[in-house]
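Peer 1: How does the following fold in three dimensions:
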Amino acid sequence: MGKGGRSSDHQQPVQQQQQQQQHHEQQPEDLLSLPQFQPFLEPDFNAAVFTSQVLAASRTSAQVQAEELKQGVRQLEQALSNHVLAHHQELLQHARKLSDTEHSLQDVVLSVSSLQASVKRIHAEIEGPYQQVKAKTRQLQNINTTVETLRHLIHRLKLVQKLKQQLSAAPALLDLAKAAKVLTDIHAINKEVDLSGIEAAAADQESLQAAEAQIHDQAQAFLIDGMESLSQAKVGSALQVFFNLEQLQQAVDGLLAQHLLELDRSFKQALDSRHLNMSSAAATAGMAAGAAGPGGAKGLTVPAPGAAASWQERLWQSLRGSCDCIANGALAVWHLQRVVAKKRDPLTHVLFLDMLCPQGQPLLTDKYWREALRVVGDAFSAAARPSKGGFVRDALTANYPKLVGLLEAAFNRVTNESRLKGVPPAAGPDQMPALLDASGPFRDAYLAAALGRMQEVAGQAFQGSSRALPSPADVQKCIGVLHEELKAVGTSAHLAGLLGSAVGKVLRLMADRVEYMAAAGPELKQVALGPAAGGGANTGQLRNITLCCQLQEVGRSLQALTPRLPGTASAALTQPLDVLQATATDTVAPIFKAAMDVFESTILAMHKQQWGDAPPAAAKDGVPPGPGSDGGSAPIVVMETSAYVTDLANAIAVFRCANQVERLAPACIPSSPVY
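Peer 2: Below you'll find the predicted structure:
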């Protein structure tokens with residue numbers, strides 16, 4: 001019983017394993033998804049690590065674990081066997097196809113072997129002819145190269161001989177353009193073919209260099225002669241030579257650079273006080289005095305005592321020459337531009353101007369003005385530095401209108417001499433302000449000094465305090481300084497406009513100070529009529545009337561001067577003069593408004609007067625009254641003005657032509673209000 005019981009208990013695990021095995025045999029595709037097979041699918045599986053982990057985590061013995069693994073292997077083998085049996089026919093078909101493929105590959109191998117043998121046979125048959133053809137081709141190429149070299153060499157020798165013949169001709173028969181063209185053709189041959197190492201070509205190299213230098217020098221001299229004489233024929237011939245030499249751009253750029261270099265040298269010498277000192281008759285005394293300028297400014301050259309006038313004369317003479325240099329350069333470049341605008345190459349018919357100034361690039365005159373303005377601006381900026389200016393800086397600042405006159409005269413000369421119909425002028429309207437702006441440091445210094453002088457006299461006359469009034473002498477001095485500054489600019493519209501703006505600032509300063517100086521308060525509105533009432537203006541009213549008359553005198557004098565000034569100065573002074581007139585009007589407006597109110601109230605009171613109470617004139621003089629004097633029908637004849645009318649007339653006369661107003665008020669101008 002017991003034994004039998006133990007036997008039945010031992011058979012239960014075996015039956016469970018058989019059932020599990022049958023279950024896996026029925027579903028072999030699910031074996032790999034079981035948890036016990038997952039570790040074996042990992043790419044980094046390690047048998048030793050797996051064994052250690054299993055033995056450490058399991059409570060069973062190693063033999064039991066090994067048995068379980070063997071059971072799993074048997075399950076996998078059974079699943080694989082079942083899979084193979086299930087696809088047996090398909091595997092057989094693939095096997096037959098592989099067998100057929102092997103037989104086909106054997107046929108292909110035989111065909112490839114046969115093809116390789118054929119290729120080797122063909123290669124052996126054509127190797128010899130190919131090498132022969134290759135050698136013959138190389139030989140033919142060398143022959144062609146030799147022929148081309150000989151052809152170019154012969155052509156070059158002929159051109160060299162032709163060039164020598166042309167250069168050996170008489171100067172009157174020498175055609176530089178043709179010689180330049182032949183020389184350019186020789187250079188083209190040298191670029192096409194390498195003739196180095198050929199003795200015949202090397203023998204002519206020195207003579208070609210000498211010929212090129214001769215042609216270039218003669219063309220350059222011809223060009224300079226044509227520019228100095230303003231001969232279009234000479235300039236055109238010289239440019240044709242440079243075009244044939246393929247140096248047209250370099251020649252024109254060199255000509256521009258030459259004029260700019262001369263301009264730079266002229267301005268630097270003119271603005272250098274050391275040059276003035278060296279050209280002085282008293283050079284030794286000047287250098288001794290110039291070792292240290294006023295105040296010990298080391299390096300500044302100053303004139304010797306009594307030599308300032310001669311230095312001034314030499315300075316302006318040099319600047320006049322420098323301004324002429326600007327005009328000469330501009331006219332020369334304009335003349336060059338006229339030539340290249342008409343000159344074409346006779347062979348290619350290319351316009352020279354299109355080569356020198358392609359579309360979208362500035363013309364030659366624009367290039368010249370751009371660089372000339374830079375040169376002049378740099379020279380003036382250097383002369384304006386405290387460490388370099390000295391005598392020159394002070395002289396140009398004090399006499400800046402004279403410098404502007406020289407610059408404008410040079411520009412006007414360029415404009416007048418280049419005014420031709422159908423030809424662009426040598427200078428555009430934008431160059432004039434730019435040329436004057438080049439002297440900006442001296443312009444700013446001059447305007448600042450002029451403004452300071454005008455503000456000083458204006459401040460002395462109109463101090464802005466409520467005590468002292470400007471004296472007539474101070475007002476006349478202020479007017480005189482304003483006139484002197486405006487007249488000093490001469491006919492320069494540009495400088496006149498700038499100085500007019502400075503004068504406008506001074507006029508606004510006067511108006512502002514008069515507003516502070518004018519009296520204010522109820523005393524301005526106090527009006528007394530008639531001498532008995534103390535008629536006339538009081539102290540505050542007289543103060544404002546005086547200031548008004550003085551402002552009007554300044555405005556009247558400037559308005560009388562503006563017709564003789566350039567239009568820019570008149571335009572700059574228009575608004576400041578209006579401000580000055582408005583301020584003058586505002587200072588006395590309350591006075592006359594109060595007077596008008598009193599006059600109106602007095603005139604309106606005339607209806608209250610007893611006009612019939614006056615005695616007859618005859619009785620008053622002791623003459624018996626005439627008919628009707630005893631109350632009859634005879635009318636009363638009034639022979640005198642009433643006291644009311646007399647007082648009113650006297651009161652109006654006080655404000656119209658009183659002695660104090662008449663003494664202060666100047667002659668009124670048409671545009672000024674009459675008080």
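
Peer 1: for the helix ranked longest in the chain, what is the average pLDDT?
Peer 2: Longest helix of the chain, by residue count under DSSP state H: helix 88-167. Here helix 88-167 scores 88 as its mean pLDDT.

Peer 1: And it, what does it pack against?
Peer 2: helix 176-192, helix 199-202, helix 205-229 (3 or more CB pairs under 8 Å, 6 or more residues apart in numbering; DSSP states H and E). (Glycine included, C-beta is placed from N, CA and C.)

Peer 1: mean pLDDT for those: which is lowest?
Peer 2: With a mean of 79, helix 199-202 has the lowest mean pLDDT of the helices and strands packed on helix 88-167.

Peer 1: Go through the helices and strands packed on helix 88-167 and pick out the most buried.
Peer 2: helix 176-192 (a mean of 18; mean count of other CB atoms under 10 Å).

Peer 1: picking that back up, compute the inter-axis angle for the longest helix of the chain and helix 176-192.
Peer 2: 150 degrees (axes from the mean of the first three to the mean of the last three CA atoms, to 10 degrees).

Peer 1: and the angle for helix 88-167 with helix 205-229?
Peer 2: Going by the same axes, to 10 degrees, helix 88-167 makes 70 degrees with helix 205-229.

Peer 1: pLDDT weak spots in this protein?
Peer 2: 1-32, 59, 279-301, 303-304, 388-389, 466, 528-537, 609-643, 647, 650-675 (pLDDT under 70).

Peer 1: would you list every one of the strands in it?
Peer 2: Counting by DSSP state E, the chain forms no strands at all.

Peer 1: sorry, back to before: save the helices and strands packed on helix 88-167 as JSON lines, and put in distance to residue 480 too.
Peer 2: Formatted as JSON lines, the helices and strands packed on helix 88-167 follow (distance: least, CB to CB, whole Å):
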{"stretch": "helix 176-192", "distance to residue 480": "67"}
{"stretch": "helix 199-202", "distance to residue 480": "85"}
{"stretch": "helix 205-229", "distance to residue 480": "50"}
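
Peer 1: So for residue 164, which of the ones you listed sits nearest?
Peer 2: Among the helices and strands packed on helix 88-167, the nearest to residue 164 by CB to CB is helix 205-229 (7.3 Å).

Peer 1: What are the contacting residues of that closest one?
Peer 2: Identification of contacts with helix 205-229 by CB atoms under 8 Å, 6 or more residues apart in numbering yields 160, 163-164, 167, 176, 179-180, 183, 186, 231-239, 241-242, 245, 247, 251, 255, 332, 335-336.

Peer 1: rerun that using 7 Å as the cut-off
Peer 2: Residues outside helix 205-229 that contact it (CB atoms under 7 Å, 6 or more residues apart in numbering): 160, 163, 167, 176, 179-180, 183, 186, 234-235, 237-238, 241-242, 245, 251, 255, 332, 335-336.

Peer 1: gap between stretch 114-134 and the chain center?
Peer 2: Its chain's average C-alpha position is 76 Å from that of stretch 114-134, according to CA atoms, centre = their mean, to the nearest Å.

Peer 1: brain fart, stretch 317-330
Peer 2: Distance, centroid of stretch 317-330 to centroid of chain: 26 Å (CA atoms, centre = their mean).

Peer 1: repeat for stretch 180-191
Peer 2: Using CA atoms, centre = their mean, the distance from the centre of stretch 180-191 to the centre of the chain it belongs to is 44 Å.

Peer 1: for stretch 65-77, same thing?
Peer 2: 93 Å.

Peer 1: Check stretch 210-228 too.
Peer 2: With CA atoms, centre = their mean, you get 38 Å for stretch 210-228.

Peer 1: cool, stretch 310-330 as well?
Peer 2: How far stretch 310-330 lies from its chain's middle: 29 Å, per CA atoms, centre = their mean.

Peer 1: Give me the buried positions along that stretch.
Peer 2: Neighbour counts using 16 or more other CB atoms under 10 Å place 310-312, 314-316, 318-319, 322-323, 325-330 of stretch 310-330 among the buried residues.

Peer 1: and if you look at stretch 235-247?
Peer 2: 235-245, 247.

Peer 1: again with stretch 481-490
Peer 2: Buried residues in stretch 481-490 (16+ other CB under 10 Å): 481-482, 485-486, 488-489.

Peer 1: thinking again about what came up before, tell me the two of the buried residues of stretch 310-330 that are most distant?
Peer 2: Longest span within the buried residues of stretch 310-330, CB to CB: 310 and 330, 30.9 Å.

Peer 1: From the buried residues of stretch 310-330, which land in helices?
Peer 2: Per DSSP H, those map to helices at 310-312, 314-316, 318-319, 322-323, 325-330.

Peer 1: which one of the residues you listed is nearest residue 412?
Peer 2: Of all those, the one with the least separation from residue 412 (CB to CB) is residue 327, at 9.1 Å.

Peer 1: That closest one touches residue 413, doesn't it?
Peer 2: Yes: Residue 327 lies in contact with residue 413 (CB atoms under 7 Å); the separation is 4.8 Å.

Peer 1: residues touching the closest residue to residue 149 other than its chain neighbours, list them.
Peer 2: Residue nearest to residue 149 in three dimensions, not counting chain neighbours: residue 193, with 5.7 Å by CB to CB, 6 or more residues apart in numbering. Counting by CB under 7 Å, 6+ apart, residue 193 touches 148-149, 152.

Peer 1: Could you check how many residues crowd around the closest residue to residue 351 other than its chain neighbours?
Peer 2: Sequence neighbours aside, residue 344 is the residue nearest to residue 351 in space, at 5.4 Å (criterion: CB to CB, 6+ apart). By other CB atoms under 10 Å, the residues close to residue 344 number 16.

Peer 1: Top of the contacts of residue 193 by number of neighbours, please.
Peer 2: Within the contacts of residue 193, neighbour counts (other CB under 10 Å) peak at residue 152, which reaches 18 neighbours.

Peer 1: now the helices for the stretch 551-675 of the chain?
Peer 2: 567-604, 617-620, 643-657, 659-664 (DSSP state H, counting those that start in this stretch).

Peer 1: ok, and for stretch 442-454, which residues are buried?
Peer 2: So for stretch 442-454, counting by 16+ other CB under 10 Å, buried means 442-443, 445-447, 450-451, 453-454.

Peer 1: Over to stretch 156-163?
Peer 2: In stretch 156-163, residues buried by neighbour count (16+ other CB under 10 Å) are 156, 159-160, 163.

Peer 1: need the residues you listed in CSV with distance to residue 425, can you?
Peer 2: Converted to CSV, the buried residues of stretch 156-163 look like this (distance: CB to CB, whole Å):
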residue, distance to residue 425
156, 48
159, 44
160, 47
163, 42
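
Peer 1: Out of those residues, which is nearest to residue 585?
Peer 2: residue 163 (89.4 Å).

Peer 1: how much space between the closest one and residue 151?
Peer 2: 19 Å (CB to CB, to the nearest Å).

Peer 1: do residue 428 as well
Peer 2: Taking CB to CB, one finds residue 428 at 54 Å from residue 151.

Peer 1: Report how many residues lie close to residue 437.
Peer 2: Counted with other CB under 10 Å, the neighbours of residue 437 add up to 14.

Peer 1: tell me the contacts of it?
Peer 2: If a contact means CB under 7 Å, 6+ apart, then residue 437 has no contacts.
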